[in-house]
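Q: Have a look; sequence and predicted model below, questions after that.
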Amino acid sequence: MSDPYKNLEDQLRGAVEERRRAPEPGSSPPPRRRARSRFTWPRGGAIPVLLGAVVLGGGVATAAVVVQHRSTATPQEQVRQAMDAGSRAMRTLPACRHAKPTRPRLISEPVPPWLSDHLGILRRPQTAADRASGGSLRYAVGSLILRGSRRLAVQPDGWSYRFMLLRGIGSFFPSQADPVGCLKGARAAALAAAATFPPAVQQQVRDQEDAEVAGVERLASGKALQYQVSEFRPDGIETSGGGGTIEATGPLPATSGIGTYHHGHVRGHSIYSLIPDGVTTVRLIDGSGSPRAEPVTIKVVDNFFHTTLPRRFGPSIFIQWRSPSGHIIRTTHPHF
């Protein structure tokens, strides 16, 4: 490694010698020689990458950078690199090629007891309003809609919620010819990318990929269902929607939504939730308003509740689920 002060000394000495050899006035000067630049070794970990670029060429130099990055990456970064490799593989796998989604249709499959036992809205008789609440089926998230699962929960303030159950993968993967095969191919690519990583990283990648494949397989076989919730204002305009995957061994559906509401002169925060049986009222407590707004208690109707909070309410609130006796069953602390 060269000494910068030594370089400076050499340059000064060279300048003095050149001054001594300067030609006399009137004589033609000799041709100037091109100054030679001195090579300085880089510091630290850049040396292996630089050697790869100089000796082996551009393509191998890129590989050297990747190897060095992998050797210094944290376990979380290594997991992400492997998962990204699986995602990239989905762009070229035949099973992931684009396919036209299946048009949703109604089927007569009954609602499973393990779900209707915890949602009273599914146990009550289906009305004409329930059957008409399906709306446009092309917006359903699944390909097969359980005919007897369609319900319309109308709240005391006029807001309403359309609920339905769906079977199959449907539009969760609308552009893939074989969703299960596609995820299996992505899993293989991710595990191959993680083969050079430590065993703990390989196991974490394997667990995540196995969980994704197993979840889609349960949807494809009907062991798991999807539920869909659509929210409508009193004037019939749809404002939002939600849903998820449920199965007999998993948690009960308890989806919710919070959004800004502005209609005419009314402004505030619209909040709703789908709640299993056993909860009769919901109490909302202002956790950060200035000044703090008064708590609000809402009655649960058909496993739903809705309210419009004033703008000064929140953005931190507490939501308490209460039993018929007033006992607190569950407390959540959302922010909006």
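A: That came through, no problem.

Q: Quick one: the strands in this structure, in order.
A: Listed in chain order, the strands found in the chain under DSSP state E are 105-107, 144-146, 151-154, 160-167, 224-232, 238-247, 256-263, 266-274, 281-286, 296-299, 304-309, 317-322, 328-332.

Q: residues making contact with the second one?
A: If I follow you right, that is strand 144-146. 104-107, 109-111, 134, 137, 164-168, 170, 225 (Cβ atoms under 8 Å, 6 or more residues apart in numbering). For glycine as for every other residue, the C-beta is placed from the backbone atoms N, C-alpha and C.

Q: mind listing what the closest residue to L219 other than its chain neighbours touches?
A: Of all residues beyond its chain neighbours, the one nearest L219 is I169 (5.0 Å), with distances taken as Cβ to Cβ, 6 or more residues apart in numbering. If you count contacts by Cβ under 8 Å, 6+ apart, I169 has them with G142, S143, P179, V216, L219, A220.

Q: rerun that using 7 Å as the cut-off
A: Contacts for I169 were tallied using Cβ atoms under 7 Å, 6 or more residues apart in numbering; they are P179, V216, L219, A220.

Q: what's the answer for S230, then?
A: Taking Cβ under 7 Å, 6+ apart as the test, what S230 contacts is Y161, R162, E238, G241.

Q: Point out the least confident member of those, please.
A: Checking pLDDT across the contacts of S230, the minimum falls on G241 at 81.

Q: and that residue, what are its bridge partners?
A: Beta-bridge pairing of G241, defined through DSSP bridges, involves S230.

Q: ok so, going back, among the strands of the chain, which is the most enclosed?
A: Mean neighbours per residue, mean count of other Cβ atoms under 10 Å, is largest over the strands of the chain for strand 160-167, with a mean of 24.

Q: In its sheet, which strands sit next to that one, and in what direction?
A: When sheet partners are counted by DSSP bridges, strand 160-167 sits next to strand 144-146 (antiparallel), strand 151-154 (antiparallel), strand 224-232 (antiparallel).

Q: of these, which approaches A188 most closely?
A: strand 224-232 (23.4 Å; Cβ to Cβ).

Q: circling back to that earlier point, can you put the strands of the chain in CSV and add distance to M90?
A: Supplementary listing: these in CSV, determined by distance: least, Cβ to Cβ, whole Å:
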stretch, distance to M90
strand 105-107, 28
strand 144-146, 25
strand 151-154, 36
strand 160-167, 24
strand 224-232, 21
strand 238-247, 20
strand 256-263, 30
strand 266-274, 32
strand 281-286, 41
strand 296-299, 44
strand 304-309, 37
strand 317-322, 38
strand 328-332, 35
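
Q: Please name the nearest non-neighbouring residue to A194.
A: Leaving aside its sequence neighbours, A194 is closest to A82 (3.8 Å, by Cβ to Cβ, 6+ apart).

Q: cool, A200 as well?
A: Beyond its immediate neighbours in the sequence, the residue positioned closest to A200 (Cβ to Cβ, 6+ apart) is P75, lying 6.7 Å away.

Q: Over to L309?
A: Closest residue in space to L309, ignoring its immediate chain neighbours: H269 at 4.4 Å, by Cβ to Cβ, 6+ apart.

Q: give the contact list for that neighbour.
A: H269 makes contact with I258, T260, Y261, T308, L309, F313, G314, F336 under the criterion Cβ under 7 Å, 6+ apart.

Q: Repeat that for D130.
A: Residues touching D130, when contacts are defined by Cβ under 7 Å, 6+ apart, comprise R150, R151, L152.

Q: any chance of the residues you listed in CSV, plus pLDDT and distance to V205?
A: Supplementary listing: these in CSV, determined by pLDDT from 0 to 100; distance: Cβ to Cβ, whole Å:
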residue, pLDDT, distance to V205
R150, 93, 40
R151, 94, 41
L152, 94, 44
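
Q: Name whatever forms a beta bridge with L152.
A: So, taking DSSP bridges as the rule, L152 has R162 as bridge partners.

Q: contacting residues around the longest helix along the chain?
A: Among all segments of the chain classified by DSSP state H, the helix with the greatest residue count is helix 199-221. The list of residues contacting helix 199-221 from outside it, by Cβ under 7 Å, 6+ apart, reads 75, 78-79, 82-83, 86, 168-169, 179-180, 183-184, 187, 190-191, 194, 224, 245, 247.
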